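A.B. asks: Predicted structure and sequence below. I'll ask about it afterward.
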Amino acid sequence: MAEQQAQVIIIGGGPAGVSAALYLARAGVRTTIIENGPGALARAHKIDNYYGIAASGARLYAAGLEQAEALGVSIRQDEVLSVEYTDSFTLSLKATAEQLSAPALILATGTKNITLNLPGLVQLEGKGISYCAVCDGFFFRKKQVAVLGSGAYALHEAAYLQHLAQSVTILTNGQSGEAAQSAGFDVKTDKLVQLNGDSRLTSISFDDGSTLEVDGLFIAMGTADSTDIARKLGAQTNGRFIKIDADGKTNIPGLFAAGDCTGGLLQVSKAVHEGAQAGLAALNFIRNK
């Protein structure tokens with residue numbers, strides 16, 4: 001029997017995402033979790049400050065998914081490349097090349113821990129440096145841009161910019177550039193050492209002594225996290241965190257967020273609490289839609 005279309009999709013299978021899923025599943029809502037591994041939780045050797053639990057982060061993550069699946073939640077292991085919103089939320093997946101849709105979406109992937117100690121980055125953010133091609137690509141029409149990253153997310157951002165910019169170069173920062181080259185993009189694999197410019201980004205310097213003149217740099221390292229997706233959908237953010245109300249709602253109808261991606265106390269207890277709130281808010285949204 002074919003799987004029924006989900007009423008709520010949750011991106012992230014950690015404490016926030018699973019907590020939301022448990023409340024939804026027990027209320028009879030068709031729920032799908034898309035997860036791409038335990039992330040920061042897996043690095044916790046032992047969690048002994050959460051009520052009734054003393055286990056490794058990896059074991060806690062696995063136990064949560066098992067519990068959700070036992071209640072009928074569909075668990076999909078995949079990477080979300082993009083999300084679009086019209087009357088519902090449509091997600092493009094990497095591994096299966098599928099598109100999944102649902103009227104409600106909960107963002108619960110946590111936050112990226114990828115940092116760049118790159119001279120000029122902080123000073124030029126918003127002055128030629130962007131983290132969202134959909135949000136800011138319009139401002140770089142017919143200009144020379146670069147995308148920093150080597151994975152599927154970077155390729156997806158570059159493909160979007162290709163229809164707007166004069167040229168798009170993918171910068172892998174020392175990683176392999178085979179995938180980008182196979183996709184037909186200009187690629188530079190040398191490591192970045194500095195971003196140059198005063199009031200605007202003008203060029204990028206590399207460790208081989210070369211310089212690339214650009215008008216814009218789009219940072220797309222790793223995979224798209226909750227804040228990346230929220231920005232593309234037009235949700236309000238505060239730096240790298242998503243703005244929500246007391247119930248986990250964003251400013252976009254049907255879009256909710258929970259866990260580390262909303263800031264505050266980055267702990268399992270807070271993630272579980274916000275996940276429950278977001279799940280109940282999504283349940284109310286579905287019932288009143």
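C.D. replies: Perfect, thanks for sending it. Numbering: from 1, shown residues only.
A.B. asks: Which pLDDT value belongs to D186?
C.D. replies: For D186, the pLDDT comes out at 95.
A.B. asks: Nearest spatial neighbour of it, chain-adjacent residues omitted?
C.D. replies: T169 (4.5 Å; Cβ to Cβ, 6 or more residues apart in numbering). Using the backbone N, CA and C atoms, a C-beta is placed for each residue, glycine as well.
A.B. asks: Can you tell me the SS state at that neighbour?
C.D. replies: strand (DSSP: H, G, I helix; E, B strand; the rest coil).
A.B. asks: and it, what are its bridge partners?
C.D. replies: Per DSSP bridges, the residues bridged to T169 are A146, D186.
A.B. asks: if I look at it, how far off is A158?
C.D. replies: 9 Å (Cβ to Cβ, to the nearest Å).
A.B. asks: cool, S19 as well?
C.D. replies: 35 Å.
A.B. asks: swap in C261?
C.D. replies: Taken as Cβ to Cβ, the span from C261 to A158 is 24 Å.
A.B. asks: Of the two, give the one with the bigger neighbour count.
C.D. replies: C261 (29 against 26; other Cβ atoms under 10 Å).
A.B. asks: Do I have it right that that one meets T111?
C.D. replies: Yes: if you go by Cβ atoms under 8 Å, C261 and T111 touch, sitting 5.5 Å apart.
A.B. asks: show me what contacts the residue nearest to D186?
C.D. replies: By Cβ atoms under 8 Å, 6 or more residues apart in numbering, the contact list for T169 reads 144-147, 185-188, 212, 214.
A.B. asks: now those as JSON lines including neighbour count and distance to N238?
C.D. replies: Listed next are the contacts of T169 as JSON lines, based on neighbours: other Cβ atoms under 10 Å; distance: Cβ to Cβ, whole Å:
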{"residue": "Q144", "neighbour count": "15", "distance to N238": "31"}
{"residue": "V145", "neighbour count": "26", "distance to N238": "26"}
{"residue": "A146", "neighbour count": "25", "distance to N238": "27"}
{"residue": "V147", "neighbour count": "31", "distance to N238": "25"}
{"residue": "F185", "neighbour count": "19", "distance to N238": "33"}
{"residue": "D186", "neighbour count": "15", "distance to N238": "35"}
{"residue": "V187", "neighbour count": "19", "distance to N238": "34"}
{"residue": "K188", "neighbour count": "19", "distance to N238": "33"}
{"residue": "L212", "neighbour count": "18", "distance to N238": "32"}
{"residue": "V214", "neighbour count": "26", "distance to N238": "28"}
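A.B. asks: on that earlier part again, joint contacts of T169 and A158?
C.D. replies: 147, 185.
A.B. asks: Which strand or helix spans E84?
C.D. replies: strand 80-85 (DSSP states H and E).
A.B. asks: Look up how far G72 lies from A276.
C.D. replies: With Cβ to Cβ as the criterion, A276 and G72 are 18 Å apart.
A.B. asks: what about the two, which has more around it?
C.D. replies: Taking neighbours as other Cβ under 10 Å, A276 and G72 compare with A276 leading, 17 against 14.
A.B. asks: Next, that one: phi, psi?
C.D. replies: Here is the backbone geometry of A276 (degrees, to the nearest 10): phi -60, psi -40.
A.B. asks: ok, now which ones touch the spatially closest residue to it that is not a sequence neighbour?
C.D. replies: Leaving out its chain neighbours, the residue that sits closest to A276 by Cβ to Cβ, 6+ apart is S19, at 5.1 Å. Shown in contact with S19 (Cβ under 8 Å, 6+ apart): 258, 271-276, 279.
A.B. asks: how about the residues you listed, which pair is most distant?
C.D. replies: A271 and G279 (12.1 Å; Cβ to Cβ).
A.B. asks: Thank you kindly, that will do.
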